[in-house]
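S.K.: here are the coordinates; sequence isn't available:
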DNA sequence: TACTACATCTCGCAT
DNA sequence: ATGCGAGGTGTAGTA
């Protein structure tokens, strides 16, 4: 159930429609221009790109550079093919209403194939993993930190780790897996203020736990009386050069 | 300068190396598993995906669903191909140190082609466009708003629109092209406080200009004495259904 | 659905 | 290089 052609527009249209009906993953190497209207407006003049249509009707247009698609419509697009003096791929979405038109002047390669993928990626080293680590190793924050809750969605915000010290004073920890900036400090401030208000207490201790902080945010933290604890996210930089040689062993 | 093969691992390796040397854009439909170590750690068990290697040595692994790659290494990766009992694509980056290994158990399609694209996308309807609109149509904020500066990077932050009212009181406007949330209000607060401190004034008027605000952020805004002005970003929702029929005219 | 915050965010811009 | 914020952000999780 796969196809490779290098066709005229009418033939391309037929191949595309067949692949669309069969929910194949389609890639088109082509010369095209692209217009988008919806959440904004964009125009991309003629050049070589690849167009990807996924089985879930995600549509991507990729330039030959960069990680991100230059244009896209999210899953569930309704896609129409027209062959005239050019080959047109039109994608539409509702909520929000969006429209993309790809005007193809040359098809270099057209491929499609049925793909089956049941697996989901598992990731370690997220902020949640970091919060969990602090919950399990509270001494990383301070010797008398007693964590009570984890990743708690309160009315006042999503608090990474919460607990108290030996004297019962509330402690709120905001984790960042990368260098913390002004935003992180403001987030912490919001949580602390809201909790003080809600619990009717005058003192809450606030921590930023992160591998680092920017200069300004450190100043802000100091101004507002919060504290910074340097913590590396778990599983960071575990690359082991020695293992690279044993490629066969590497992937179990 | 294009190729299509459906080869064994050794042949695939040769084709890939040739394409890599010639900076072609490569797509591989394959059954594979993927391991990533670097800024985090991830593992993706065996399934069908497409692997894309761009001329700038961006590496993407896409599942059959979703807009984003499930695994990736940004431009400039050093890529190595190994053919053994499996076909391996190894990508490495430095700063930060990252490594990705794709272990391919089946190659369904392998394509490469030289692409030439000089054009960059142009977008209208950004936040900057919105700020510009408010600068040019200050009455959208209030009848006596006198804008003075636009998109100004101050020491205290990046202030979208700044000016004063008829009585000379400073006005700061924070624009959001989508529904404003808690973050937007805190941003505004930070700017207002910093400006008050810097100018030594006790009153600065703060505005959020956005198509909408979330409930909590509206409350926060009220609590802190700021104001909300409903403004749609320019070029929003200009899709004209009637034009769709005239496809040929649509793209100039 | 609305709201909130993370992300291997990416990307551009300014210092 | 670092800092900062936008993004057509996307995505997951929760009320």
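M.R.: Nice, I can see it. It should be emphasised that the depicted structure is a prediction, and the values quoted were computed from it without experimental measurement.
S.K.: switch to C-alpha atoms for all contacts and neighbour counts from now on
M.R.: Noted.
S.K.: now the residue of the stretch 1-150 of chain A found nearest DNA strand C: how far from residue B:30?
M.R.: At 3.3 Å from DNA strand C, residue A:126 is the closest residue in the stretch 1-150 of chain A, using CA to the nearest atom of the strand. Look at residue A:126 and residue B:30: by CA to CA, to the nearest Å, they are 28 Å apart.
S.K.: now swap in residue A:116 and tell me
M.R.: Using CA to CA, residue A:116 is found at 10 Å from residue B:30.
S.K.: do the same with residue A:82
M.R.: 29 Å.
S.K.: Neighbour count for the two, which is higher?
M.R.: Just comparing residue A:82 and residue B:30: by other CA atoms under 10 Å in any protein chain shown the higher neighbour count belongs to residue B:30, 22 against 18.
S.K.: What residues of stretch A:130-146 count as buried?
M.R.: A:130, A:131, A:132, A:134, A:135, A:138, A:141, A:145, A:146 (16 or more other CA atoms under 10 Å in any protein chain shown).
S.K.: Tell me where the stretch 51-200 of chain A has helices.
M.R.: Ranges of helices in the stretch 51-200 of chain A, per DSSP state H, counting those that start in this stretch, are A:127-136, A:182-199.
S.K.: For the residue in the stretch 151-252 of chain A that DNA strand D sits nearest to, which non-adjacent residue is closest in space?
M.R.: Per CA to the nearest atom of the strand, residue A:214 is where the stretch 151-252 of chain A lies closest to DNA strand D, at 3.5 Å. Once flanking residues are discounted, residue A:214 sits nearest to residue A:181: 5.6 Å by CA to CA, 6 or more residues apart in numbering or on different chains.
S.K.: isn't the one you found right up against residue A:219?
M.R.: No: using CA atoms under 8 Å, residue A:181 is not in contact with residue A:219; the gap is 10.7 Å.
S.K.: Compare neighbour counts for the two and give me the winner.
M.R.: Neighbour totals were compared for residue A:181 and residue A:219, and residue A:181 leads with 17 against 14 (other CA under 10 Å).
S.K.: In contact with that one, which residues are there?
M.R.: Each residue near residue A:181 by CA atoms under 8 Å, 6 or more residues apart in numbering or on different chains is listed here: A:213, A:214, A:216, A:217.
S.K.: Likewise for residue A:17?
M.R.: Contacts for residue A:17 (CA under 8 Å, 6+ apart) come out as residue A:81.
S.K.: That one: which element?
M.R.: helix A:9-21 (DSSP states H and E).
S.K.: residues of that helix that come out buried?
M.R.: Quick answer for helix A:9-21 (16+ other CA under 10 Å): A:9, A:10, A:12, A:13, A:15, A:16, A:17, A:19, A:20.
S.K.: May I see the residues you listed arranged in JSON lines, with pLDDT as well?
M.R.: Converted to JSON lines, the buried residues of helix A:9-21 look like this (pLDDT from 0 to 100):
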{"residue": "A:9", "pLDDT": "95"}
{"residue": "A:10", "pLDDT": "95"}
{"residue": "A:12", "pLDDT": "97"}
{"residue": "A:13", "pLDDT": "97"}
{"residue": "A:15", "pLDDT": "97"}
{"residue": "A:16", "pLDDT": "98"}
{"residue": "A:17", "pLDDT": "98"}
{"residue": "A:19", "pLDDT": "98"}
{"residue": "A:20", "pLDDT": "98"}
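S.K.: Enumerate the residues of the stretch 101-250 of chain A near DNA strand C.
M.R.: A:123, A:125, A:126, A:127, A:128, A:157, A:158, A:175, A:176, A:177, A:178, A:187 (CA under 7 Å from any atom of the strand).
S.K.: Cross these against strands and list the overlap.
M.R.: The members of those that map onto strands under DSSP state E are A:123, A:157, A:158, A:175.
S.K.: Tell me the spacing between the first one and chain B.
M.R.: So that's residue A:123. 4 Å (CA to the nearest CA, to the nearest Å).
S.K.: Surely that residue touches residue B:40?
M.R.: Yes: in this structure residue A:123 lies within contact range of residue B:40 using CA under 8 Å: 7.1 Å.
S.K.: the more surrounded of those two?
M.R.: The residue with more neighbours, out of residue A:123 and residue B:40, is residue B:40; 18 against 15, by other CA under 10 Å.
S.K.: Quick check on the residue nearest to residue A:214: phi, psi?
M.R.: Dihedral pair for residue A:181: phi -120, psi -170, per degrees, to the nearest 10.
S.K.: Read off the pLDDT value for it.
M.R.: pLDDT, the model's per-residue confidence, is 97 for residue A:181.
S.K.: Residue A:244 now?
M.R.: 44.
S.K.: do the same with residue A:18
M.R.: pLDDT, residue A:18: 98.
S.K.: any idea how far it is from residue A:98?
M.R.: 24 Å.
S.K.: ok, now residue A:180?
M.R.: Distance from residue A:180 to residue A:98, by CA to CA: 35 Å.
S.K.: Repeat that for residue A:160.
M.R.: Distance, residue A:160 to residue A:98, using CA to CA: 36 Å.
S.K.: swap in residue A:142?
M.R.: Applying CA to CA to residue A:142 and residue A:98 gives a distance of 51 Å.
S.K.: what's the answer for residue A:195, then?
M.R.: Distance from residue A:195 to residue A:98, by CA to CA: 41 Å.
S.K.: Over to residue A:163?
M.R.: The gap separating residue A:163 from residue A:98 is 46 Å, by CA to CA.
S.K.: I figured residue A:124 hits residue B:44, correct?
M.R.: No: in this structure residue A:124 lies outside contact range of residue B:44 using CA under 8 Å: 11.8 Å.
S.K.: related to what we said a few turns ago, burial count for the residue of the stretch 1-150 of chain A closest to DNA strand C?
M.R.: 18.
S.K.: same question, residue A:75
M.R.: Count around residue A:75 with other CA under 10 Å applied: 17.
S.K.: check contacts around it.
M.R.: Counting by CA under 8 Å, 6+ apart, residue A:75 makes contact with A:56, A:57, A:58, A:59, B:65, B:66, B:67.
S.K.: just to revisit the earlier point, which of the residues of the stretch 101-250 of chain A next to DNA strand C has the most neighbours?
M.R.: For these, neighbours tallied by other CA under 10 Å; top is residue A:175, 26 neighbours.
S.K.: show me where the stretch 1-150 of chain A has strands.
M.R.: A:2-5, A:25-37, A:41-53, A:59-62, A:71-73, A:78-83, A:87-93, A:98-113, A:122-124, A:146-154 (DSSP state E, counting those that start in this stretch).
S.K.: quick revisit: which two from the ones in strands among the residues of the stretch 101-250 of chain A next to DNA strand C end up farthest apart in space?
M.R.: Taking CA to CA, the two most distant members of those are A:123 and A:157; they sit 24.4 Å apart.
S.K.: Distance-wise, check residue A:46 relative to DNA strand D.
M.R.: 15 Å (CA to the nearest atom of the strand, to the nearest Å).
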